[in-house]
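Undergrad: predicted model, plus sequence, below.
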Amino acid sequence: MSAYLYSIGATAAIFTLLALSLNIITGYAGQAMMGHAAFFGIGAYTAAILTQTYHVNFFLALLIACLLYTSDAADE
């Protein structure tokens, strides 16, 4: 598979996860959450900076990003 198709597939999977999580929160749970996209962005930005700039393992960066945005979400 070419790098372009891999990139398109990864981007589609990421946005699918975002849409599904937003559907669960607003649809099934009935909660209005305006910071959902912001927390998603904080986690994605943190993981990108850790992997590209500091060369941290992807899975460790994912864990750190999850901890960062959940601690930020708990402050809301």
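TA: Received, thanks.
Undergrad: which element follows the one helix or strand residue 41 maps to toward the C-terminus?
TA: According to DSSP states H and E, residue 41 maps onto helix 36-52. Sequence order places helix 58-74 as the next helix or strand after helix 36-52, per DSSP H and E.
Undergrad: which of the residues in that next one are buried?
TA: The neighbour-count check on helix 58-74 (16 or more other Cβ atoms under 10 Å) flags 61-62, 65, 68-69 as buried. C-beta here means a position set from N, CA and C on the backbone, and glycine is covered the same way.
Undergrad: make CSV out of these and add distance to residue 51 and pLDDT.
TA: What follows is those, written out as CSV (distance: Cβ to Cβ, whole Å; pLDDT from 0 to 100):
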residue, distance to residue 51, pLDDT
61, 5, 91
62, 9, 88
65, 10, 90
68, 14, 87
69, 16, 81
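Undergrad: quickly name whichever of these is closest to residue 12.
TA: For those, the minimum distance to residue 12 (Cβ to Cβ) is 18.5 Å, reached by residue 62.
Undergrad: residue 46 versus residue 62, what's the distance?
TA: Applying Cβ to Cβ, to the nearest Å, the value for residue 62 to residue 46 is 9 Å.
Undergrad: now residue 70
TA: Distance, residue 70 to residue 46, by Cβ to Cβ: 12 Å.
Undergrad: one more: residue 69?
TA: From residue 69 over to residue 46 (counting by Cβ to Cβ), the distance is 7 Å.
Undergrad: my guess is residue 66 meets residue 42, correct?
TA: No - using Cβ atoms under 8 Å, residue 66 is not in contact with residue 42; the gap is 10.4 Å.
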